[in-house]
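# what follows is a protein structure lacking sequence information:
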């Protein structure tokens, strides 16, 4: 039985000039299961109110701080207060906001990387477990239907024994010092006080790490990292390369860059098995390529009936018929859909269907923070291999 109402969402972030926060607002409402009713959209009260008007939020529920939001929403009747809070601020604010929301009894959706450092991530994991509340982490690339198909193919043994994983995420938008020309996005992402100890490794390296582990179910055990900063005066890394060892003797390569001049958002992964290999590109997300040296390349195309037959998760994540492309915002929406259905089941005191539970959690967030710290440790070490932090 589905919940007989929409879930009420508060958004922290997403004000004028925001990128990810606005994507969250659009994606959360795509399926009609969630309504945006409150928020703190900017540290500037005037800008926050302007964003609230754009989102059609009652001005009385556009708050000046997350503390005010938590305090006043908690006082509202249970049928009026928000069900969950989405956190889309710079990284250094994720933990204190999530902590206060969880302690007040609100479920949480959080942008990645989950926290400022691994210490905070461990504390947040423990808090989520103690609270029993639903916590979702927005690794949006797990929401693509063809990523779910690829995962299920790997798990069903279609590739045979997995031998090698290659994952990349090159961007070129920070080839020049955008942080010194007024770019809000570049400004906080290259500021160690807001982003944390890593730049490109934290911003997009965690996506590459998460995608490789999500698709294969294999954890990174150790790595050998080389990171660098090419733009003079930049305070955080803008390029990184890792040799990676996974469980079961699987080897891999992971490289990311934000100074790959001319690249846009070229996240891609290759998984090589003893029977077949697969290849997926985020810039062409509706296609999954299956390869075998003994025969022609297969192209699996999103939206066709055979996709859902092979992978119910991929079928569930596909909204449109074949030939009508689905992309970035829809992937966000798929994470929100599963999060919302899980939360709705919980509010109905029902057990969520396993397909609903297919979204990143606090444990994935901790993995990401441990990955960042391991890469930084490895890059500053003279040892060849650095074990994944735990």
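Alright, I've got the coordinates. Being a predicted model, the structure only gives us computed values, none of them experimental.
# for residue 40, what are its contacts?
10, 11, 12, 13, 48, 62, 63, 64, 65, 66, 68, 69 (CB atoms under 8 Å, 6 or more residues apart in numbering). C-beta: built from backbone N, CA, C; applies to glycine.
# now do the SS call for the residue of the chain positioned farthest from its centre.
Relative to the mean C-alpha coordinate of the chain, counting by CA atoms, centre = their mean, the farthest residue is residue 294 (36.2 Å). Using DSSP: H, G, I helix; E, B strand; the rest coil, the structure places residue 294 in coil.
# quick one: residue 317 and residue 333 touch, right?
No: at 9.1 Å, residue 317 and residue 333 do not qualify as touching, with contact defined as CB atoms under 8 Å.
# overlap of the contact sets of those two?
Shared contacts of residue 317 and residue 333, counting by CB under 8 Å, 6+ apart, come down to residue 143.
# circling back: how near is the residue farthest from the centre of the chain to residue 275?
10 Å (CB to CB, to the nearest Å).
# then residue 110?
From residue 110 to residue 275 the distance is 38 Å (CB to CB).
# which one of these two is surrounded by more residues?
Of the pair residue 110 and residue 275, residue 110 is the one with more neighbours under other CB atoms under 10 Å, namely 26 against 11.
# now do the more buried one, the pLDDT please.
Looking at residue 110, its pLDDT reads 98.
# and the chain, what are its domain boundaries?
Using automatic domain parsing, the domain parsing of the chain gives 7-141+334-360, 143-321+368-379.
# I'd like those laid out as JSON lines, including distance to residue 328.
Putting the domains of the chain into JSON lines (distance: least, CB to CB, whole Å) gives the following:
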{"stretch": "domain 7-141+334-360", "distance to residue 328": "7"}
{"stretch": "domain 143-321+368-379", "distance to residue 328": "8"}
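# about what we covered before: narrow the contacts of residue 40 to just the buried residues.
For the contacts of residue 40, a burial check counting by 16 or more other CB atoms under 10 Å picks out 10, 11, 12, 13, 48, 62, 63, 66, 69.
# how many neighbouring residues does the closest residue to residue 173 other than its chain neighbours have?
Excluding its sequence neighbours, the residue lying closest to residue 173 (CB to CB, 6 or more residues apart in numbering) is residue 258, at 6.4 Å. Applying other CB under 10 Å, we find 28 residues neighbouring residue 258.
# the one 3 residues further on too?
Residue 261 has 11 neighbouring residues, counting by other CB under 10 Å.
# so which residues of the stretch 1-150 of the chain form strands?
7-12, 34-40, 84-87, 107-111, 135-138 (DSSP state E, counting those that start in this stretch).
# quick check: which of those is nearest to residue 249?
strand 135-138 (28.5 Å; CB to CB).
# so how far is that closest one from its chain's centroid?
8 Å (CA atoms, centre = their mean, to the nearest Å).
# what pairs with it, parallel or antiparallel?
Sheet pairing of strand 135-138 (DSSP bridges) gives strand 107-111 (parallel).
# and the strand it pairs with, what's buried?
Result for strand 107-111 [16+ other CB under 10 Å]: buried residues 107, 108, 109, 110, 111.
# got the angle between that strand and strand 7-12?
Per axes from the mean of the first three to the mean of the last three CA atoms, to 10 degrees, the angle that strand 107-111 makes with strand 7-12 is 40 degrees.
# which residues touch strand 107-111?
By CB under 8 Å, 6+ apart, strand 107-111 touches 13, 20, 24, 28, 83-89, 94, 98, 101-102, 133-138, 336, 339, 343, 365.
# quick one, phi psi at residue 57?
Phi and psi for residue 57, reported as degrees, to the nearest 10, are phi -90, psi 140.
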